[in-house]
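Q: A structural model of the following input is requested.
(4 chains)
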Number of protein chains: 2
Amino acid sequence: MLSLHQLRCFLTTYEHRSITAAAEELGYAQPSVSEQIRGLEKTLGVTLFRRVGRGVVPTTVADSLRPHAEATIAAAEDARRAVASVAALETGTIRFGMFGTARLYAGAGLVADVLARHPGVRVELIGQNSTDVQEDLRRGRLEAAMIAVPTVSSEGMQVTPVARDELVYISADPERLQSPVTAQRLAEASLVMPETTWRADDSTRTVLRQMLHETGRNPQTRIEVEDVETAVELVGMGLADSVIPHGAAVQLIPRLAPEAGWVSLRPKQFDTLAIVHRAGATLSPAARLMIELATARIQAIAEPVRPR
Amino acid sequence: MLSLHQLRCFLTTYEHRSITAAAEELGYAQPSVSEQIRGLEKTLGVTLFRRVGRGVVPTTVADSLRPHAEATIAAAEDARRAVASVAALETGTIRFGMFGTARLYAGAGLVADVLARHPGVRVELIGQNSTDVQEDLRRGRLEAAMIAVPTVSSEGMQVTPVARDELVYISADPERLQSPVTAQRLAEASLVMPETTWRADDSTRTVLRQMLHETGRNPQTRIEVEDVETAVELVGMGLADSVIPHGAAVQLIPRLAPEAGWVSLRPKQFDTLAIVHRAGATLSPAARLMIELATARIQAIAEPVRPR
DNA sequence: TACTGCTCTAGGCTGGGCCTATGCTTTCCC
DNA sequence: GGGAAAGCATAGGCCCAGCCTAGAGCAGTA
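A: Okay, here's the model as predicted:
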């Protein structure tokens, strides 16, 4: 079986025209190098050196092998360097999960932070939807993610809350913003809600479901759309009201629905923004970096939660 | 220590997303491949796969390593193929020693024979002078050679005679060609001899020295030149006579000295054309090929010697 | 001829590499 | 929801590769 070690011994011997010298350079005893070369000759089925009195003389086969041996060693060295470079976060790809309001608040800034520190890396911010992120985490495709979760508990997952984000009622009708919205009023409201496709898993909806369930009512939505932006625009047009995270309201209402405003629910409801990864996993330096930067970004916007 | 085996296991596992599948393809038990990958991760200091429930998932580091691992394996495979190709005489260099009349008789034809059979090879016909060829053989730079030797015996060398070549007296004076030339007449002749620089080792001169020594005379040369062609030309101009191998006379006199002719010595003297290589050496296929072809060429021209 | 320098051989030790058996976890399916 | 299946890790044992030291053999050299 051909091995890099054999090729290394071969090259050093070829250059020195001497097994003893090669052994010295490689830090081995002479018979060890001798054995490697004998093994190489055996696996290749050729004679590489003529043993002649003092020293050894390469055959023409050795001449032919040499450049290929060098190329192979160099390729192996390249591989090692490439990995080292990736490990040092100089090159390679950093993949991180981020979904929903977390990405809305911190996505671009987080990428900017990473690129500022590590200009050579590629960054992948994964998260078409909440279910996919959870699935990717579970399947190991994602090492860690920051997502909004309704409750801090998940099968085999370690969930570390970093901030909480109040859910607010938004409306273009100032009347409805005069006082905090109770479950009863919420149940009677005409709502537009985003994340249609993933409604079963959406964090905000889960929170609302719980809130209404406690008062014996079912959630009602008049309009279903995919993204928060569309929902906010519809609210701005006065076609419905909605419930979205406070941070989203702050960012989107001035831009998309200047006429609208927001008010708390009663009792106040919160999404929890948390770092999630597989329980018991040892996180890579890249993942730890992303967690650190993402947490800083999020806590600058949403209300920090200090885990004890 | 990085090894090709580790890289092979890594690649197969990467492709299958499964250690078990990789082990099956590679023909090992699952724990063996597992151990190789663990070893690779240890030497590189990184995590290549996340172990997750059913199967394993490559990390981004593994993504980065993959092309380099493939390149390294490919380079090693190239090396193996290159050597195989050389061993099959499809490519590479065939080096053979050939000096003096042997090259004069058979050099070009031998190269043609080799290239006809093995169009891809390079051929090196080494032999600036007799001493160098012997030295190259002794030092191992040459594996085998065909040269003219005065006697069939040499220190640590295996000498296999393949043909003998009569030494003839050549002259432009028909008078001197009427009868075989004795040692006495030779001692009195005005001679031009080639191979000045290597006169001590030249085969023809050694034979003549012995012949004259037995009659108590010393060899006399009037003119010393480097190559046989010049000597023959000088003979053609009637400036001196010479003693050269019969085959050389046949080839050169019609071309370079049409007025000259030749006659035997008395007693007849011979150069022995022999294959020479280090005693006890195992000859490579290339060397055996050259010996076979060179012998055939030489025996078509000079008088074959069948060794018992 | 004795000495030096280099390779090979011999013999012994250690660890890597491979195996089987088994345990643990996840996944699949009834 | 519970048992079967699948897949990785661990444990333990065997064997040879790889390394060493010591010494023989041989070529080149003073």
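
Q: residue ranges with poor pLDDT in chain A?
A: Low-confidence segments of chain A (pLDDT under 70): A:128-131, A:150-155, A:195-202, A:216-219, A:307-308.

Q: if I look at A:His277, how far off is DNA strand D?
A: 18 Å (CB to the nearest atom of the strand, to the nearest Å). C-beta here means a position set from N, CA and C on the backbone, and glycine is covered the same way.

Q: Regarding that residue, what is its secondary structure?
A: Three-state assignment for A:His277 (DSSP: H, G, I helix; E, B strand; the rest coil): strand.

Q: Same check on the one 4 residues further on?
A: When the structure is split into helix, strand and coil by three-state DSSP, A:Ala281 lands in coil.

Q: That one reaches A:Glu143, doesn't it?
A: Yes. Using CB atoms under 8 Å, A:Ala281 is in contact with A:Glu143, at 7.2 Å.

Q: Spatially nearest residue to A:Phe270, not counting backbone neighbours?
A: Distance criterion CB to CB, 6 or more residues apart in numbering or on different chains; nearest residue to A:Phe270, sequence neighbours excluded, is A:Arg164 at 4.4 Å.

Q: now A:Thr230
A: A:Pro194 is the one closest to A:Thr230 (CB to CB, 6+ apart), at 6.9 Å.

Q: A:Ser18 too?
A: A:Ser18 sits nearest to A:Gly55 (CB to CB, 6+ apart), 5.1 Å away.

Q: Count the neighbours of that neighbour for me.
A: 17 (other CB atoms under 10 Å in any protein chain shown).

Q: what separates stretch A:221-235 from the chain centre, distance-wise?
A: Remark: stretch A:221-235 is offset 28 Å from the chain centroid, using CA atoms, centre = their mean, to the nearest Å.

Q: any idea which element A:Ala62 lies in?
A: Here A:Ala62 sits within helix A:60-87, counting by DSSP states H and E.

Q: okay, now the domains of chain A?
A: Domains of chain A are assigned by automatic domain parsing as A:4-86, A:163-271.

Q: Pull the contacting residues for the residue nearest to A:Phe270.
A: By CB atoms under 8 Å, 6 or more residues apart in numbering or on different chains, the contact list for A:Arg164 reads A:270-273, A:302-303, A:305.

Q: go on, A:Gly97?
A: A:125-127, A:133, A:136-137, A:142, A:144-147, A:276.

Q: Just the ones in helices from those, please.
A: A:133, A:136-137 (DSSP state H).

Q: Might one say that A:Asp271 is in contact with A:Thr101?
A: Yes. With contact defined as CB under 8 Å, A:Asp271 counts as touching A:Thr101 (6.9 Å).

Q: which residues do these two both contact?
A: A:148, A:165, A:245.

Q: Tell me what the first one is bridged to.
A: Beta-bridge partners of A:Ala148, counted by DSSP bridges, are A:Leu273.

Q: what's the answer for the last one, then?
A: The partner list for A:Pro245 in beta bridges (DSSP bridges) reads A:Leu167.

Q: Just confirm yes or no for stretch A:98-109 near chain B.
A: No. Between stretch A:98-109 and chain B, judged by CB under 8 Å from any CB of the partner chain, nothing touches; the nearest distance is 15.9 Å.

Q: now that stretch, how far from the centre of its chain.
A: Using CA atoms, centre = their mean, the offset of stretch A:98-109 from its chain centre is 13 Å.

Q: Now it: buried residues?
A: A:98-107, A:109 (16 or more other CB atoms under 10 Å in any protein chain shown).

Q: Ok, stretch A:273-290 next?
A: Those would be A:273-278, A:281, A:283-284, A:286-287, A:289-290, for stretch A:273-290 by 16+ other CB under 10 Å.

Q: And for stretch A:135-144?
A: A:136-138, A:140-144.

Q: could I get those residues as CSV with distance to DNA strand D?
A: Compiled in CSV, the buried residues of stretch A:135-144 are given as follows (distance: CB to the nearest atom of the strand, whole Å):
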residue, distance to DNA strand D
A:Asp136, 18
A:Leu137, 18
A:Arg138, 15
A:Gly140, 11
A:Arg141, 15
A:Leu142, 18
A:Glu143, 16
A:Ala144, 20
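
Q: now, among the residues you listed, which is nearest to chain B?
A: The nearest member of those to chain B, counting by CB to the nearest CB, is A:Gly140 at 3.4 Å.
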